[in-house]
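Q: Here's my sequence, what's the structure:
(chains A and B)
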Amino acid sequence: MKHVLTTVAAAAFGVCMSASACAKTDITFYFPVAVGGPITKIIDQYAKDFNHENPDLNVLPVYSGTYQETIVKVLTAHKAGKPPGAAILLSTDTFTLADEDAIVPIDNFVKSEADRVWMKSFFPAFMLNGQFANKTWGVPFQRSTVVLYWNKDLFKAAGLDPNIPPQNWEQTVSMGQKLTKKDASGNVTQWGIQVPSSGFPYWLFQGFSTQNDAILANADGNQVKYDDPNAVAALQYWVDLSKKYGIHPSGVVEWGTTPRDFLEQKVAMIWTTTGNLTNIRSNAKFDFGVAMLPAGKRRGSPTGGGNFFIFKKTTSQEQEGAFKFAKWLTQPERAAQWSIDTGYVAVSPAAYDTPALKKYATEFPPALVARDQLPDAVAELSTHDNQRVTKALNDGLQAALTGTKTPEQAMKEAQAEATRLLRTYK
Amino acid sequence: MVLLVGFTHFPAVATFIDSLMSTPRAGRAAVFVGMENYRVMLEDPIFWKSVMNNFWFAFITIPFSIGMSILMALWVNDKIAGRDFLRTAFFLPTVLPMIAVANIWIFFYTPGYGLVNQILQLFGFAGHNWLGEPNLVLGSVIVVAIWKEAGFFMIFYLAALQSLSPSYKEAAQIEGASAWYFFRRIQWPLLMPTTIFVLINALINAFRMVDHIIVMTKGGPDNASSLILFYLYEVGFKFWDQGYASVLTVVLLCILALVGLLQFFILDRRAHYQ
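A: Here you go, the predicted structure:
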């Protein structure tokens, strides 16, 4: 009898006297791995620490493959009525997840003043992709942006100042011309610059388009402006890097081999994700630098990476627990260490004020470039029916880069297709 | 029988029913739309592009991989030095996990320092961006497919060759028949059942091809290497368009069923089994 009373009391006060006396809430947490490093180990440790601090909760991390594999698993599970409690998915999947009625807005759980402060603690640029219809559907966790990497040794060899990367589009061309080397028979042995265009060229293109003052989609995700003259001109510039100036390889440049091309010193400058920083740092046998993308009419880069989502078809205890886990994961100290371990951009300004990240940044200044670029960063392209609307742009970009369509024709056709796809979301 | 119904017949029928329905979205249940999804397919340029790509893919991959597999089988069937090593080498592509292999092939095809371009440059040719040009990319993935398939089919031919009685060969030698004549009039007809088996497999594989494409090109540039199953994957698991994906599945099922019927009713009659 006494035992029963203790249990009742424990339950009533929400305190667990012993592990056996309280029911734990299991929270399955799906996470993808998209960069190198011992990511699964770090996440497992997080879950262990969190469960230790919160005896009534039990986070079960599940490594679920790539981003694409993860969303397939999550949405299939959702359709079967058994989604995970939480997952890390691309921030651009927000519309898709909301349209499938799979997620709940994070705002639903924000009750205390501390919660409100937490919601405002992130870099505004990282919140953009998670918000629409006046709600926040996901909070940033592993986020990235596009930056320029340059090979200082090759700059020196070409007679350029190794410490000054190109600041604008004109300098990219003039420096690129000095950095492009050919052999006796006219084959290029070293390219000036390389911007990858396989798989998801829209993301890199957003660098050019933002710099040329074109925003490709509205915040409600039901309208795109692929045929904006500034966007067409931005694509023309990308095409011209190869066609007119001859400083960029022709055709589609593979995303996966671009860091390797850079490490092999076959190219002097590349645009790629901050997520490659750790990889390039540990493998480069030469001096390299990391810089913000050069400016066109303005500076600009898209953000990228994954947000933390909470799923609808789960119990409210699971959802509350997932919310608690999200807050726990994004605490400044943890966000700072996560950034150091993975190369992702830490999600809040407070993380950059922690001693750990400050120390790391003095040892390795390139770690700060992504943060400094954030004020100029824009949302990653994302709309309703996201993958299809994005594919229309991807196909158009590749058609222009391979010369089968002019930039104007390519963007007009992509626009027509996207408008057709989005007509039901107005 | 339960398994057959559960995993084969029921999904096929369910897919056909889904293909007549709209895609359910949040707050909107699937409704009957009749042939609407089929009409969309007929008007979809990417679908037709994938069909044409798949046609060329099959048309080139099949004869080349069968031809090469026969040559390799004949070669390693003879008593030559290093025979076991050669057999293993030819068969190796089949046992390697294709995702890993496709990743390696990406580097073979890399412009500049990739293996393929290095060899070309050694002989003074200009290198190409193999996976980055729309007119080269399909050929590049075809080469990988042939490389993979030929070794697999070789095993069947090798087994068939070894089961042929050596008395044929002795008789041919006594009669003074040339090696080519012996192959054309004796070995080739006797290998016919194997050829049909291999042909059907090659046809099916050509329409089931998806792993290389996902890893190496993602259907790009501009759908130049998109095949039917890859496009089906995109529609089903990236666009989440269940209705349209079901239509594509029905089309793919019909193609594969047709291949099966071809085997049963036409080719089987023309081959004479021992």
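
Q: Endpoints of stretch A:155-170, how far apart?
A: Its first and final residues considered, stretch A:155-170 spans 17 Å by CA to CA, to the nearest Å.

Q: Buried residues of that stretch, list them for me.
A: Burial within stretch A:155-170, assessed by neighbour count using 16 or more other CB atoms under 10 Å in any protein chain shown, is assigned to A:Phe155, A:Ala157, A:Ala158, A:Leu160, A:Pro162, A:Pro165, A:Pro166, A:Trp169. C-beta here means a position set from N, CA and C on the backbone, and glycine is covered the same way.

Q: Those: which two are farthest apart?
A: Maximum pairwise distance among the buried residues of stretch A:155-170 (CB to CB): 23.3 Å, between A:Ala157 and A:Trp169.

Q: in the chain, which spans are strands?
A: No chain was given, so I picked chain A. A:25-31, A:57-63, A:86-90, A:131-132, A:135-136, A:139-151, A:181-182, A:188-194, A:267-273, A:288-291, A:301-310, A:377-378 (DSSP state E).

Q: which residues does A:Lys181 form a beta bridge with?
A: As for beta bridges, A:Lys181 partners with A:Gln190 under DSSP bridges.

Q: what's near enough to touch it?
A: A:Val188, A:Thr189, A:Gln190 (CB atoms under 8 Å, 6 or more residues apart in numbering or on different chains).

Q: what about it, distance to chain B?
A: According to CB to the nearest CB, to the nearest Å, A:Lys181 stands 12 Å off from chain B.

Q: before we move on, the earlier item: for the strands of chain A, which one sits closest to A:Lys391?
A: Here strand A:86-90 is closest among these (CB to CB), at 14.6 Å.

Q: ok, back up a step: would you mind listing which of the contacts of A:Lys181 are buried?
A: The neighbour-count criterion (16+ other CB under 10 Å) marks A:Val188, A:Gln190 among these as buried.

Q: can you redo the contacts of A:Lys181 as JSON lines with pLDDT?
A: Written out in JSON lines, the entries for the contacts of A:Lys181 read as follows (pLDDT from 0 to 100):
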{"residue": "A:Val188", "pLDDT": "88"}
{"residue": "A:Thr189", "pLDDT": "89"}
{"residue": "A:Gln190", "pLDDT": "94"}
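
Q: Spell out the secondary structure type for B:Met154.
A: Under the three-state scheme (DSSP: H, G, I helix; E, B strand; the rest coil), B:Met154 adopts helix.

Q: May I have the residues that are in contact with it?
A: Here B:Met154 is in contact with B:Met68, B:Ser69, B:Met72, B:Ala73, B:Val76, B:Phe90, B:Phe91 (criterion: CB under 8 Å, 6+ apart).

Q: Packing partners of the strand or helix carrying the third one?
A: Counting by DSSP states H and E, the secondary-structure element that holds B:Met72 is helix B:45-77. In terms of contact count using 3 or more CB pairs under 8 Å, 6 or more residues apart in numbering or on different chains; DSSP states H and E, helix B:45-77 is assigned the packing partners helix B:83-95, helix B:134-163, helix B:192-208, helix B:228-237.

Q: Of these, flag the one that's most buried.
A: Per-residue neighbour counts averaged over each of the helices and strands packed on helix B:45-77 give the maximum for helix B:228-237, namely a mean of 22 (mean count of other CB atoms under 10 Å in any protein chain shown).

Q: Residues contacting that helix, please?
A: Contacts of helix B:228-237 with the rest of the structure, by CB under 8 Å, 6+ apart, involve A:68, A:72, A:387, A:391, B:46-47, B:50-51, B:54, B:207-210, B:213-214, B:219, B:226, B:241-242, B:244-245, B:248-249, B:251-252, B:255.

Q: And the pLDDT for A:Cys22?
A: What the model reports as pLDDT for A:Cys22 is 58.

Q: now B:Thr61
A: Taking B:Thr61 on its own, its pLDDT is 94.

Q: how close does it get to B:Trp147?
A: Between B:Thr61 and B:Trp147 the computed distance is 10 Å (CB to CB, to the nearest Å).

Q: hmm, back to that, apply the buried test to the contacts of helix B:228-237 and list what passes.
A: Neighbour-count burial (16+ other CB under 10 Å) is assigned, among the contacts of helix B:228-237, to A:68, A:72, A:387, A:391, B:46-47, B:50-51, B:54, B:207, B:209-210, B:213-214, B:219, B:226, B:241-242, B:244-245, B:248-249, B:251-252, B:255.

Q: Reformat the strands of chain A as JSON lines; add distance to B:Gly236.
A: Output for the strands of chain A, formatted as JSON lines (distance: least, CB to CB, whole Å):
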{"stretch": "strand A:25-31", "distance to B:Gly236": "20"}
{"stretch": "strand A:57-63", "distance to B:Gly236": "22"}
{"stretch": "strand A:86-90", "distance to B:Gly236": "18"}
{"stretch": "strand A:131-132", "distance to B:Gly236": "25"}
{"stretch": "strand A:135-136", "distance to B:Gly236": "29"}
{"stretch": "strand A:139-151", "distance to B:Gly236": "27"}
{"stretch": "strand A:181-182", "distance to B:Gly236": "46"}
{"stretch": "strand A:188-194", "distance to B:Gly236": "33"}
{"stretch": "strand A:267-273", "distance to B:Gly236": "28"}
{"stretch": "strand A:288-291", "distance to B:Gly236": "39"}
{"stretch": "strand A:301-310", "distance to B:Gly236": "21"}
{"stretch": "strand A:377-378", "distance to B:Gly236": "31"}
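
Q: Just to check, B:Ala58 is in contact with B:Ile204?
A: No. Between B:Ala58 and B:Ile204 there is no contact, the gap being 9.9 Å when judged by CB atoms under 8 Å.

Q: per-residue pLDDT, B:Leu74?
A: You'll see B:Leu74 listed with a pLDDT of 88.

Q: swap in the one 3 residues further on?
A: What the model reports as pLDDT for B:Asn77 is 84.

Q: same question, the one 4 residues further on
A: Note on B:Ala81: pLDDT of 77.

Q: And B:Tyr273, by the same measure?
A: On the pLDDT scale, B:Tyr273 is placed at 56.

Q: Report pLDDT for the residue nearest in space to the middle of chain B.
A: Within chain B, one residue has its C-alpha closest to the average C-alpha position: by CA atoms, centre = their mean, that is B:Ala206, at 2.7 Å. Per-residue pLDDT puts B:Ala206 at 91.

Q: so it makes contact with B:Trp56?
A: No. Using CB under 8 Å, B:Ala206 and B:Trp56 do not qualify as a contacting pair, with a distance of 10.0 Å.

Q: ok, how many other residues are close to A:Lys244?
A: Per other CB atoms under 10 Å in any protein chain shown, the neighbour tally for A:Lys244 reads 12.
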